[in-house]
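In: Let's see this in three dimensions:
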Amino acid sequence: MQQGFLRATATLLAGGALAQALPLLLGPWLTRLYTPVEYGQFSFVWSVAANIGVVGCARYEFALPLEKTEEGATALLGLCLRVLGAVMVVSVIVSLIVAAVMGLKLSLALSLPIAVLASALTQALMQWATRAEAFKALAWARVVQYGGGALLQVGCGLLAWGAFGLMAGAVVAALLAVILLLRPAPLAGWLRLGAVSRERLAQVARRHRDFPLYNTPHAFAGALQDSLALWLIASMTGDANAGYWALALRYLKAPASLVGGALSQVLYPRLAQASSVDAGRQLVRQTLLALGGLGLVLMIVLMAVGPWLFTLLFGAGWTETGQLARALAPYVACHFVAAPLSVAPMAWKAQAWLLRLALVGQVMFIVGLASGLHWGGLLGAAWGVSGMMCAYFGYFFWSLARWK
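Out: Okay, here's the model as predicted:
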């Protein structure tokens, strides 16, 4: 089992490394094709789309690895797609509101519903592939979604499409990843999704009701945190500062996306199938120690050479991101450790506890951000977030390590 765990993690890490390498390598080019204002506008619309997309299937997709039978998994995926259809209607209305409130171009705002569809479908099909342990398909889908997205954004930047080009590149790449995840399954299997009875749908909905009841508000609030952060920064200090913040976090969180995404997709089914809570807790402790060492190294590097590194890579026009990198380093290190471990409470059926804790953490994040903006501008906001979130994550790690 340990050998299979390591092999699966290595497969996803390899795919994730390639997926992250292209955006990182192309980042300096992108920051010369797009202005901080354009990047800020794109980041706000994309964060709203992600906010809706993350709950597009009411989080039922995260119950897929728990289904023991193919019939149950098929019914659950059919439920996910039906919920997504209703969410798409809501996202069209939200796109019009965003255009009016933020004064954005209608073409940029109306791309939001397509982004919601692509985001939610990718998320659902990745869980479907996780259940089937189709780790190679998962790895390639991530390469297409993230690496392909960066390539498409470069192309749109060369055409001078502005913020819409950033959005179009990300959306098209996500849709291509969806197509890639669809391919391994036979056509007949997908056709069966439409034939699932209402009674069967209701049965799986009741069986996994903890996911929409607890995990949906948790995920929505987590994504809302990013949207509120960008809105606060843009409204208090301007779109350019929102662009600096978005770029800094995009690249600072890249290691967490790489390691966390790969490790959580392997860790989740292992914890769900563990023989006892003690066995699962031991696996979590081992993961916590290993990631903690890597996170500490990451923090030291960012605090030592972050400003110099970001200025070198992205140009003098993005110098502010380097100072943000230093101030956000403690938060980023903790997030790097926490990202893959967030699946543990789901596997242990402790989503109510996780929701309560996450809501406290999100309030702490916004308080740290808003107070920092008030007293110290953008850099003060970064230090405020780091201080608050280190305390929050410290309690989270302690709780997982002592779980009973």
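
In: How far does stretch 220-235 sit from its chain's centre?
Out: From the chain centre to the centre of stretch 220-235 is a distance of 14 Å (C-alpha atoms, centre = their mean, to the nearest Å).

In: as a whole number, average confidence for that stretch?
Out: On average, the pLDDT along stretch 220-235 is 85.

In: just checking, what packs against whichever strand or helix holds Gly372?
Out: For Gly372, the host element (DSSP states H and E) is helix 351-401. Secondary-structure packing of helix 351-401 (3 or more C-beta pairs under 8 Å, 6 or more residues apart in numbering; DSSP states H and E): helix 216-237, helix 239-252, helix 277-314, helix 319-341, helix 343-347. Where you see a C-beta, it was placed from the backbone N, CA and C, and this is true even at glycine.

In: Out of those, flag the one nearest Gly387.
Out: helix 319-341 (7.8 Å; C-beta to C-beta).

In: next one: the closest one to chain centre, how far?
Out: For helix 319-341, the distance to the chain centre is 15 Å (C-alpha atoms, centre = their mean).

In: repeat for stretch 94-113
Out: With C-alpha atoms, centre = their mean, you get 22 Å for stretch 94-113.

In: One more: stretch 376-388?
Out: 22 Å.

In: who touches that stretch?
Out: Stretch 376-388 is contacted by residues 233, 237, 241, 244-245, 248, 320, 323-324, 327-331, 364-365, 367-374 when judged by C-beta atoms under 8 Å, 6 or more residues apart in numbering.

In: Name the spans of this protein whose pLDDT lies under the cut-off.
Out: 1-16, 183-195, 255-262, 265 (pLDDT under 70).

In: Tell me what angle the helix holding Gly372 forms with helix 239-252.
Out: Interaxial angle, helix 351-401 versus helix 239-252 (axes from the mean of the first three to the mean of the last three C-alpha atoms, to 10 degrees): 60 degrees.

In: got the angle between helix 351-401 and helix 319-341?
Out: 90 degrees.

In: any idea how far helix 351-401 is from the chain center?
Out: For helix 351-401, the distance to the chain centre is 17 Å (C-alpha atoms, centre = their mean).

In: per the record, what domains does this protein have?
Out: 20-207, 209-404 (automatic domain parsing).

In: possible to save those domains as TSV with mean neighbour count?
Out: Shown next, in TSV, are the domains of the chain (neighbours: other C-beta atoms under 10 Å):
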stretch	mean neighbour count
domain 20-207	19
domain 209-404	19
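
In: any idea how far the residue nearest to Ala381 when sequence neighbours are not counted lies from Leu112?
Out: Among residues not flanking Ala381 along the chain, Gly372 sits closest, at 3.6 Å (C-beta to C-beta, 6 or more residues apart in numbering). Going from Gly372 to Leu112 by C-beta to C-beta, to the nearest Å gives 29 Å.

In: What of Met364?
Out: 28 Å.

In: Then Val54?
Out: Distance of Val54 to Leu112, computed by C-beta to C-beta: 14 Å.

In: now do Leu267
Out: 32 Å.

In: swap in Leu181?
Out: Distance from Leu181 to Leu112, by C-beta to C-beta: 22 Å.

In: from the middle of its chain, how far away would stretch 337-347 be?
Out: Offset of stretch 337-347 from its chain centre (C-alpha atoms, centre = their mean): 13 Å.

In: Only C-alpha atoms, please: export it in PDB.
Out: What follows is stretch 337-347, C-alpha atoms only, in PDB (Å, rounded to 0.1, in the frame of the first residue of the first chain):
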ATOM      1  CA  VAL A 337       1.400  22.400   4.700                       C
ATOM      2  CA  ALA A 338      -2.300  22.700   5.200                       C
ATOM      3  CA  ALA A 339      -3.500  22.300   1.600                       C
ATOM      4  CA  PRO A 340      -3.200  18.500   1.300                       C
ATOM      5  CA  LEU A 341      -4.200  17.900   4.900                       C
ATOM      6  CA  SER A 342      -7.600  19.600   4.500                       C
ATOM      7  CA  VAL A 343      -9.000  16.300   3.200                       C
ATOM      8  CA  ALA A 344      -8.400  14.500   6.500                       C
ATOM      9  CA  PRO A 345     -11.500  15.900   8.300                       C
ATOM     10  CA  MET A 346     -13.600  14.900   5.200                       C
ATOM     11  CA  ALA A 347     -12.300  11.400   5.300                       C
END
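
In: I would like the residues contacting that stretch, please.
Out: Against stretch 337-347 from outside (C-beta under 8 Å, 6+ apart): 62, 215, 256-257, 259-261, 263-264, 267-268, 271-272, 274, 280, 284, 287-288, 291-292, 295, 351, 353-354, 393, 396-397, 400, 403.

In: Next, the contact list for the closest residue to Leu112 other than its chain neighbours, please.
Out: Distances taken as C-beta to C-beta, 6+ apart place Ser95 nearest to Leu112, at 4.0 Å, with adjacent residues excluded. Contacts for Ser95 (C-beta under 8 Å, 6+ apart) come out as Ala109, Leu110, Ser111, Leu112, Pro113.

In: let's go with 10 Å and repeat that
Out: 45, 48-49, 52, 104, 106, 108-116 (C-beta atoms under 10 Å, 6 or more residues apart in numbering).

In: chain center to the host helix or strand of it: distance?
Out: Using DSSP H and E, Ser95 falls within helix 70-102. Taking C-alpha atoms, centre = their mean, one finds helix 70-102 lying 17 Å from the centre of the chain it belongs to.

In: try stretch 391-404
Out: Remark: stretch 391-404 is offset 21 Å from the chain centroid, using C-alpha atoms, centre = their mean.

In: Phi and psi next, for Ala132.
Out: Recorded main-chain torsions at Ala132 are phi -80, psi 0, according to degrees, to the nearest 10.

In: And it, how close does it get to Pro269?
Out: 10 Å.

In: try Leu104
Out: Distance from Leu104 to Pro269, counting by C-beta to C-beta: 41 Å.

In: what's near enough to touch Leu158?
Out: Per C-beta under 10 Å, 6+ apart, neighbours of Leu158: Trp29, Leu33, Gly165.

In: Adding distance to Ala358 and secondary structure, write the residues you listed out as a markdown table.
Out: Shown next, in a markdown table, are the contacts of Leu158 (distance: C-beta to C-beta, whole Å; DSSP: H, G, I helix; E, B strand; the rest coil):
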| residue | distance to Ala358 | secondary structure |
| --- | --- | --- |
| Trp29 | 36 | helix |
| Leu33 | 36 | helix |
| Gly165 | 34 | helix |
